[in-house]
Every structure is written in structure tokens, then in C-alpha cells.
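> Show me the folded form of this:
(chains A and B)
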Amino acid sequence: MSLYGVSSQLLEIIAALLLAPLLSGWVGQWRAWLQNKSAPSLLQPYRLLHKLFHKESVLAEHASPLFRGAPYIAFGCMTLACAIVPTLSTDLPLAPAADAIALVGLFALARVFISLAAMDIGTAFGTLGARREMLIGFLAEPALLMVLFSTSLISQSTSLTTMVQTLSQRDLAIYPGLAFAGVAFTMVSLAENARVPVDNPATHLELTMIHEALILEYSGRHLALLEWAASLKLFAYSCIGLALFFPWGIAAADAPLALLLALPVLVLKLAAGGVALALLETFSAKMRIFRVPEFLATAFLMAVIGLLVHILLGG
Amino acid sequence: MNALFSQFVNLLGALLLLLAFAMISQRRILSLIHLFTLQGITLVVATATVGVLTQQPHLYLSAAITFLLKVLLIPVLLHRVIDRLNVRWDVETLINIPTTMLIGILLVIFAFNLALPIAQLSSSIARGSLGIALACVLLSFLMMITRAKAVPQVIGFLSMENGLFFAATAATYGMPMVVELGIALDVLIGVLILGVFMFQIREQFDSLDIHHLEKLKEN
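Predicted coordinates:
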């Protein structure tokens, strides 16, 4: 574990924590522009977090310690997820702790705790949200795993850093299997991050909501942590997508100076990705909840076909 | 450079497969036509790329014909047909869509397995694309089977021809010009005749459901 590794790891975590709300704000801004509305400020998510952290946190009378602990667990899971995804550098001391499969497990852990906490209070909305979240989760996870497998077939490893290193340092080659995996990954990340075809992040108190129903009972610093965790999740997913499908610009283990360039490149890539996400969200209409299994089954099949195509065409 | 080009052809083949899957999962006829147009564009690019790669100028010509027919003429015809029949939002399938897609993936596995030994014998640029083309043909066939209405069946038929055409260009650098011209004309005539059929079916039964055709006698 070199000094360079530790510093790049720290830089990555700090960048994730600071940039995640900015990414959410950026996507929100573009969504508003595309819908001909006047956009909220780019810094709006920070203001929201600031406001929530200074507010009193109100707890239900019958809330168990689980309810109080869940936001911290979710926040911790998402921070760790951002830490092991190679966003800036592939020399990460934390990365050997968790490979791609464990990363999916981390997301699942956060999901389970938030759902349990939503059911803990006993309100109808919380239970409804938790059930829907689990429905989406259990369909999205296999699809995400298949996407990660089809990329790990190329690099012969499930470690994220090795995957990214192989993908970024190969000769220029086109992998048709990756095209399928990319489509599948986009669909999964739309579903996992409560984005438009599956859930609308901008609704409150609507019967169709999923993510907002889960965190309806939270307030104050707990809500702030959950909001932050949600934007960290979006950040983590965007970074996984960028790292797997556009891996250029990530600093390698033996090039410390590339780290200086990696951050602006990452910001640029995230900005472009955010615009693409806002475009996707604007073009698509929210689907009925019973269409979601079909949507995610399509994602799963895409990922499987990606694997098959990769095996057929060879690496 | 050549390796990159042949990988590009493979990518386009994968794109064709992706579009075939999208067509299977699509409920709306209008989107189906858009997907078919996209498939045509992919095919044009693939044919032109194979033409560049193998320096066979007649492939440019067949790419141009494909462009005229499958990107411009047939989609326009189809648009006119669905406008006149007023069936833009038809949503019926015989088997539900997830099941169709599961069957589809089995077909893809079957096609890939079938094509693997052939691909190993072949020495043409994009060997793997034979399996992809076969899978496209089978998927379009599946679409023809699982749709109850006439217009999606016609689109399935046309996209099957797309798969065949891709197999021909990628695996054997295109058929002789006469054959290609003949097929292009056949497809065009086929679409025209099928269009007339669709109007006739509608006139007879007040619906485009081809199940009415199973009865031989009038009640």
C-alpha cells in the first residue's frame, strides 16, 4: 500500500462525496431546461442538505433502533461503493476488499436496510414502497451481475480495478458484447436510481412513487443522509458505467501524474453522462409498475445476449 | 485497420440482433416501423463497410439499393398503410412479451451453436456474424409467429429478409448482382402485394387478425 494509493483512495472518496450532489443538481437542471422550465440552481442539492442537517430530526413514537440506524448504514454502503469503483485511479487500497459481486451485494445491503426501516414504522406508504423496491431490486440485481460478468469475461477477473485496467489499456478493439451490456446497464441503472421510466424522482405523495415512499417518514439529518446516499448511488452507478464502457482517462497504478488529469476528465464525462440521463428521462414516459418486471427482464436478456455474443465472436 | 473494420461489422451485426430483440418486445406498430428503418440503416452501413473492406464495388450498389428500399421506400409505404388502416397503436401478441423474449434467447443460443462449426471453417472477414444473422432470421420468424395482426407479420417478414441479406454480405461478400436485384424487387413487390392483402383482409373481416383466415367456409 503506497502513499500514492492511499492518497488516490482518499481523493476518490472526497471527490465522490462532494461531486455526488452536484451531479444530481446537474441532472435536475438539464431536466428542467429540457422541459422548458426555469432550472433550479446547480447548488440546490447542497442547500437542501445544509437545510436538512440543521433541522431537528423527528422520529415516530414506535420507531426501533433499526429505523434510526438505517440512514447511516445506507450512507456507509454507498460511500464504500464509491470508494471501490475506480473513478480516478486503478490503484486503490480498498479495492481488493470487494470485487464486482460484492459491489452488487453492497447495494443490496443498503436496499434491505432502507426497506426494513420503511416497514419498521408501520405506515402503509412505507410498506408499499418497500415492497416495490424489493420487486425492482430482485429483478435488477441479476441483470447488473450479468453486465458485470460480460465485462469480466474480457478481463478474466471480477475485480473492478483489473477490469478497468484491462479495458483502458487494451488496443483499440470493438467488443459487440459490450454494446449489449451497455444497453442493459443503462436500463438497470435507470431502475435502480429511481429514474423516469420506472420511478419519478421529482414526485412527492403520489401513489406511483417508490423511492420517496421509502423515505417518507424520515426528517432532519436522517433524511439528509438518505438524500446524500441516493445521489451517491447515482454517482456510483454513473462511475461504474463510465469506468466499464468509457474507461479512458482513469489513472493507472504506475502513473501518479495521470491522477491530476483524471479528475477533470471524470467531471467532463459525468457532465456528458448527466445530460444523456436527463435526455433519456425527458424522452421516456413513466411506465406502469407492472411493466417494470418486463423492462428489467429485457435488461437481463440483453446482458445474457451480450455474454453469448462475446463467447461467439471471441475476445 | 482491417481488424478494426471487421470488428465494426461484428458490432453492426450485434446491433441488428439488438434491434431484432427490440422488435420482439415492441407493442406499438409505429415504433416497430421505426425499428425496422433503423435496422435498414444498420444494414446499409454494414454492407458499405464490407464493401470498403473487401474492395468489392458492387457492394456499394447493393448498399444504395438497400438504402432506397429499406430506409426510404418501404417505411414510407408502411407508414401510409397504417395511416389508412388506422392501426397505429395496435398492441396484440399471442404469447406475452417476457415469454417471447425467453424463447428468443433460446433461439439465439441455438443459432449460435449451429453457426459455430460453420464459422470455424469459414475464412471470411466477419466469421461470427453468420451466427448473428441466423439468430436475426429466427427472431424475425418468431415475431411472425407470435403476432396476431397482419402488419407486424409483414414487418417480421421484411426484417427476416434483412437478416438473410446481412448473412449474405458478411459471410460471402454479397450475392451476384442479378440475384440481389431480383431479391430487392421481390421484396418490394411482396410489400405492395401484402399491403393490398391487408386492405382486403380488413374489408372482409373488419379486422386485421389473420385468425379469421383459418376458416375456409363462410358461416
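
> What residue in chain B comes nearest to chain A?
Closest to chain A within chain B is residue B:14: 3.4 Å, counting by C-beta to the nearest C-beta. C-betas here are computed from N, CA, C, even on glycine.

> That residue: what secondary structure?
What DSSP: H, G, I helix; E, B strand; the rest coil gives for residue B:14 is helix.

> isn't there a helix covering residue A:179?
Yes. According to three-state DSSP, residue A:179 belongs to a helix.

> who touches whatever residue of the stretch 51-200 of chain A ends up closest to chain B in this structure?
Nearest to chain B, among the residues of the stretch 51-200 of chain A, is residue A:176, at 3.4 Å (C-beta to the nearest C-beta). By C-beta atoms under 8 Å, 6 or more residues apart in numbering or on different chains, residue A:176 lies in contact with A:309-310, A:313, B:7, B:10-11, B:13-15.

> does residue B:197 sit in a helix, a strand or a coil?
Using three-state DSSP, the structure places residue B:197 in helix.

> Looking at it now. What's its pLDDT?
We have a pLDDT of 79 for residue B:197.

> what do you get for residue B:99?
On the pLDDT scale, residue B:99 is placed at 86.

> do residue A:48 as well
pLDDT, residue A:48: 92.

> Leaving out sequence neighbours, find the closest residue to the residue nearest in space to the middle of chain B.
Centroid-nearest residue in chain B: residue B:159, 1.0 Å away (criterion: C-alpha atoms, centre = their mean). Nearest residue to residue B:159 in three dimensions, chain neighbours excluded: residue B:140, at 4.3 Å (C-beta to C-beta, 6 or more residues apart in numbering or on different chains).

> Name the secondary structure element that contains that neighbour.
Residue B:140 belongs to helix B:129-146 when elements are defined using DSSP states H and E.

> How far does that helix sit from its chain's centre?
Put simply, helix B:129-146 sits 8 Å off its chain's centre (C-alpha atoms, centre = their mean, to the nearest Å).

> Show me what the helix or strand where residue B:102 lies is packed against.
If you go by DSSP H and E, residue B:102 is part of helix B:97-121. Secondary-structure packing of helix B:97-121 (3 or more C-beta pairs under 8 Å, 6 or more residues apart in numbering or on different chains; DSSP states H and E): helix A:292-313, helix B:2-24, helix B:129-146.

> still on that earlier bit, was I right about the residue nearest to the centre of chain B contacting residue B:23?
Yes. In this structure, residue B:159 is within contact of residue B:23 by C-beta atoms under 8 Å, at 6.2 Å.

> Mind listing the shared neighbours of these two?
Joint contacts of residue B:159 and residue B:23 (C-beta under 8 Å, 6+ apart) are B:36, B:39, B:140, B:143.

> Report pLDDT for the closest residue to residue B:45 other than its chain neighbours.
Nearest residue to residue B:45 in three dimensions, chain neighbours excluded: residue B:12, at 6.0 Å (C-beta to C-beta, 6+ apart). Looking at residue B:12, its pLDDT reads 88.

> Can you give the contact residues for whichever strand or helix holds residue A:72?
Here residue A:72 sits within helix A:65-84, counting by DSSP H and E. Contacts with helix A:65-84, where a contact means C-beta under 8 Å, 6+ apart, come from A:9, A:12-13, A:16-17, A:20, A:59-60, A:92, A:94-95, A:97-98, A:103, A:106-107, A:109-110, A:113-114, A:116-117, A:120-121, A:160, A:217-218, A:221-223, A:225-226, A:228-229, A:232-233, A:235-236, A:239.

> avg pLDDT for that helix?
93.

> Also stretch B:37-49?
Stretch B:37-49 carries an average pLDDT of 92.

> could I have it exported to CSV, CA atoms only?
Coordinates of the C-alpha atoms in stretch B:37-49 are reproduced here as CSV (Å, rounded to 0.1, in the frame of the first residue of the first chain):
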residue,chain,number,x,y,z
THR,B,37,-36.0,1.6,-40.5
LEU,B,38,-33.1,1.6,-38.0
GLN,B,39,-32.4,-2.0,-39.0
GLY,B,40,-32.3,-0.9,-42.6
ILE,B,41,-29.8,1.9,-41.8
THR,B,42,-27.6,-0.6,-39.9
LEU,B,43,-27.7,-2.9,-42.8
VAL,B,44,-26.7,-0.2,-45.2
VAL,B,45,-23.7,0.8,-43.1
ALA,B,46,-22.7,-2.9,-42.7
THR,B,47,-22.9,-3.5,-46.4
ALA,B,48,-20.9,-0.4,-47.2
THR,B,49,-18.3,-1.4,-44.6
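
> and residue A:259, what is it in contact with?
For residue A:259, the contact set (C-beta under 8 Å, 6+ apart) comprises A:4, A:8, A:11, A:88-89, A:251.

> Kindly recompute the last result at 10 Å.
Shown in contact with residue A:259 (C-beta atoms under 10 Å, 6 or more residues apart in numbering or on different chains): A:4, A:7-8, A:11-12, A:88-89, A:91, A:250-252.

> can you tell me which of these are up against chain B?
Among the contacts of residue A:259, none lies close to chain B by the criterion of C-beta under 10 Å from any C-beta of the partner chain.

> For those, give me a markdown table that also has neighbour count.
Shown next, in a markdown table, are the contacts of residue A:259 (neighbours: other C-beta atoms under 10 Å in any protein chain shown):
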| residue | neighbour count |
| --- | --- |
| A:4 | 16 |
| A:7 | 14 |
| A:8 | 24 |
| A:11 | 16 |
| A:12 | 25 |
| A:88 | 25 |
| A:89 | 26 |
| A:91 | 24 |
| A:250 | 26 |
| A:251 | 23 |
| A:252 | 18 |
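
> where are the low-confidence patches of chain B?
Chain B contains residues with pLDDT under 70 at B:1, B:89-91, B:122-127, B:174, B:216-219.

> repeat that with 50
For chain B, no stretch is flagged by pLDDT under 50.

> Make sure residue A:273 is actually in contact with residue A:23.
Yes. Between residue A:273 and residue A:23 a contact is recorded at 8.4 Å, counting by C-beta atoms under 10 Å.

> For those two, list the residues in contact with both.
Common contacts of residue A:273 and residue A:23 (C-beta under 10 Å, 6+ apart): A:234, A:238-239.
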